[in-house]
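A.B. asks: this one's sequence-less:
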């Protein structure tokens, strides 16, 4: 069958014309906003009118009649291009009038071009003549014909840019509804662009090209008709929630550059010699073809070109000043690395709408493996430094989107090696946490909760933000190292105090040994020497117990304990009596009238230590209050014993209470070891309770102990009930 025969050509064009008219009428039934409906219907009816013109020129019996139809086609195509430009501005927008106002400048410019070209179309400067009849006819363009075709190229490329901007701005749910219609429009517009490009190169349009263009136009019309049958125009509305305005894209920018270059060559080639025509044409096609093959078969080159265009031709999605301030305010550089990771997760969720986040940090040992510091438990605990992902990030120091992995053979090992992590997190992108050229860690992000893909600008901003986050993590790690050094300094101070006490005890024993040579037979000396030895052994045991209890959980031996007697013994141990003595007023009250299961000896140490601290905090006079009582817990569990020690002493700062009070070797006393409160906290927690502190400088301190009144001793060696 000869597809170039007149009946076949007529059938193709007629079907395309009828379908375009049907879509235009269907749009009025599946209506949305009246302005969008009007422009949508007009755009498709103009396409039907254009196809009718093609049908007319196919059936023209004379060259004069064919030229009349060619003029009609020129005017109709100018009007159709402008209507499609308007449609690309308002389609799927919730407020079409606002979009028209924003695009008023270039819409008015396009309309002026449309009117100008329509008026000039009747002259021989645009349509010079029509050679031949039927399918073999050629529309010969005049001197302004190429200007007219260039005008159409500019308008159609602008239409594609606007449609892509609309598609990119839509959320994922709307994109699924818009994509079929967008593809249909893309097919139809690209088919027309190919016909126009042929007219630019050959200074004329063959009617067979117009007929061939009708076939993809028919297919596009079918897709649009099916889309309208399933949903109304109002259902295509895209909420413009964020400032995502793209001025270009890789495909459209290259297509526009290609067609405009063809327009320039069409003006240059006629003045060149035949040899130079072949050289220039061959060079152009090699450049265009080679570039197309490179972009098609090299994903890395495609990503590089896309990143360049995104950075230089797209409007900024982020207000970098505001986002940078958000990053700085969200990350506390003095926090522990674990706290930094939690802050990073909150920040990344806020900025990128990510579902989950994982952070790996490089260990400082010889292996240099990356250990999971934060993230889902299903992810690997460690990532080896030889992992392809680590090597890729170390080389590029740029985030990697995992959707690129499947399309690039060089990146396939990354997906295979890290499949467990990808599935556990549903990872979408990973960013290097680098300080300079040193890769400190890995920041993994899952897909967005809105189901949107990460854009190139998202990834660029993530790369910038990752540098700041890496600096915060590095600072936190250095702070931890510094804290360890300070702990060693504190341990050194502790050793000095311990050695000082041991030295005093040794001095006493040495004196006994020296006197024993002379007075060993004296019974009174023997009694005194034995007392000294017993006292020294007791003091050394107490010293060992104090130091050892810092690093281990106290052994608890529960027994029924009379709380009033416990408080009285603690007061005596601390050197306090219920009265006023030397300017110190001591008050004690206890409403506990039944025995409570406690380790009496351990709890006596806690209360006496708190009372001693309270007495030493007075400067020099003041008030100390000690009281105890039971707090009923109802049906939720046993009653709670509350013991409270209040003083009116010098108090402590909020920062010291929060960061140092219960840390070993941290003390406000000039001669203290800083282990008493650590022991108190350990003993109370071993009872299953807790200790709370309220203090203000110069306003005194209140320690509150709460333990279960009928506690069970924890299982272990210390349980000797």
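C.D. replies: Perfect, I can see it now. Here the structure is a predicted model, which means the values were calculated and not measured. Numbering: from 1, shown residues only.

A.B. asks: Could you say which helix or strand holds residue 371?
C.D. replies: Per DSSP states H and E: residue 371 is located in strand 370-374.

A.B. asks: Which residues does the following helix or strand past that strand contact?
C.D. replies: For strand 370-374, the succeeding helix or strand toward the C-terminus, using DSSP H and E, is strand 382-383. With CB atoms under 8 Å, 6 or more residues apart in numbering as the contact definition, strand 382-383 has outside contacts at 360, 369, 370, 371, 372, 389, 390, 418, 421, 442. C-beta here means a position set from N, CA and C on the backbone, and glycine is covered the same way.

A.B. asks: could you give the mean pLDDT of strand 382-383?
C.D. replies: Confidence for strand 382-383, expressed as mean pLDDT, is 90.

A.B. asks: That strand - which strands sit beside it in the sheet, and in what orientation?
C.D. replies: strand 370-374 (antiparallel) (DSSP bridges).

A.B. asks: what about the strand it pairs with, average pLDDT?
C.D. replies: For strand 370-374, mean pLDDT rounds to 89.

A.B. asks: what distance separates the strand holding residue 371 from the middle of the whole chain?
C.D. replies: Centre-to-centre, strand 370-374 and its host chain are 17 Å apart (CA atoms, centre = their mean, to the nearest Å).

A.B. asks: mind putting the contacts of strand 382-383 in CSV, distance to residue 383 and neighbour count included?
C.D. replies: Shown next, in CSV, are those (distance: CB to CB, whole Å; neighbours: other CB atoms under 10 Å):
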residue, distance to residue 383, neighbour count
360, 6, 26
369, 7, 18
370, 4, 25
371, 8, 15
372, 8, 20
389, 7, 25
390, 6, 23
418, 8, 24
421, 8, 23
442, 7, 25
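
A.B. asks: for those, which one is nearest residue 652?
C.D. replies: Looking at the contacts of strand 382-383 and their distance to residue 652, the nearest is residue 371, at 36.2 Å (CB to CB).

A.B. asks: mind listing what that closest one touches?
C.D. replies: By CB under 8 Å, 6+ apart, the neighbours of residue 371 are 360, 361, 362, 363, 381, 382.

A.B. asks: 6 Å instead?
C.D. replies: Listed by CB atoms under 6 Å, 6 or more residues apart in numbering, the contact set of residue 371 reads 363, 382.

A.B. asks: and the gap between residue 451 and residue 457?
C.D. replies: Residue 451 sits 18 Å away from residue 457 when distances are taken as CB to CB, to the nearest Å.

A.B. asks: Would you agree residue 429 is in contact with residue 398?
C.D. replies: No. With contacts counted by CB atoms under 6 Å, residue 429 stays clear of residue 398, the gap being 10.7 Å.

A.B. asks: which secondary element of this structure has the worst mean pLDDT?
C.D. replies: Taking mean pLDDT, DSSP states H and E as the measure, the chain has helix 299-313 as its least confident helix or strand, at a mean of 57.

A.B. asks: For stretch 215-233, which residues meet the burial criterion?
C.D. replies: Residues 216, 217, 218, 220, 221, 223, 224, 225, 227, 228, 233 are the ones in stretch 215-233 that count as buried (16 or more other CB atoms under 10 Å).

A.B. asks: Reformat those residues into TSV and put distance to residue 111, pLDDT and secondary structure next to each item.
C.D. replies: Below are those laid out as TSV (distance: CB to CB, whole Å; pLDDT from 0 to 100; DSSP: H, G, I helix; E, B strand; the rest coil):
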residue	distance to residue 111	pLDDT	secondary structure
216	27	82	helix
217	24	84	helix
218	29	84	helix
220	25	81	helix
221	25	80	helix
223	29	81	helix
224	24	79	helix
225	28	80	helix
227	28	76	helix
228	27	75	helix
233	23	62	helix
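
A.B. asks: Which two of these have the greatest separation?
C.D. replies: Across the buried residues of stretch 215-233, the longest distance by CB to CB is 23.0 Å; it joins 216 and 233.

A.B. asks: In the stretch 101-250 of the chain, where is pLDDT below threshold?
C.D. replies: 165-178, 201-202, 232-250 (pLDDT under 70).

A.B. asks: Show me where it has its strands.
C.D. replies: In the stretch 101-250 of the chain, the strands defined using DSSP state E, counting those that start in this stretch lie at 127-131, 138-141, 204-206.

A.B. asks: Check which helices and strands the second one sits against.
C.D. replies: Okay, so that is strand 138-141. Under the contact criterion of 3 or more CB pairs under 6 Å, 6 or more residues apart in numbering; DSSP states H and E, strand 138-141 touches strand 127-131, strand 204-206.

A.B. asks: Check the offset of the shortest one from the chain's centre.
C.D. replies: Here the centre of mass of C-alpha atoms in strand 204-206, compared against the chain's by CA atoms, centre = their mean, lies 53 Å away.

A.B. asks: How about the first one?
C.D. replies: In terms of CA atoms, centre = their mean, the centre of strand 127-131 is set 60 Å apart from its chain centre.

A.B. asks: Just the buried residues of that strand, please?
C.D. replies: 127, 128, 129, 130.

A.B. asks: for the residues you listed, which one is nearest residue 477?
C.D. replies: Distance to residue 477, by CB to CB, is smallest for residue 127 among these, at 75.2 Å.

A.B. asks: so the closest one touches residue 71, yeah?
C.D. replies: Yes. Assessed by CB under 6 Å, residue 127 is found in contact with residue 71 at 5.3 Å.

A.B. asks: ok, back up a step: looking at residue 429 and residue 398, which is more packed in?
C.D. replies: Just comparing residue 429 and residue 398: by other CB atoms under 10 Å the higher neighbour count belongs to residue 429, 22 against 17.

A.B. asks: what about that one, which SS state?
C.D. replies: Secondary structure, DSSP: H, G, I helix; E, B strand; the rest coil: residue 429 is strand.

A.B. asks: what pairs with it across the strands?
C.D. replies: As for beta bridges, residue 429 partners with residue 401, residue 445 under DSSP bridges.

A.B. asks: Spit out the contact partners of it.
C.D. replies: The contact partners of residue 429, by CB under 6 Å, 6+ apart, come to 399, 401, 445, 454.
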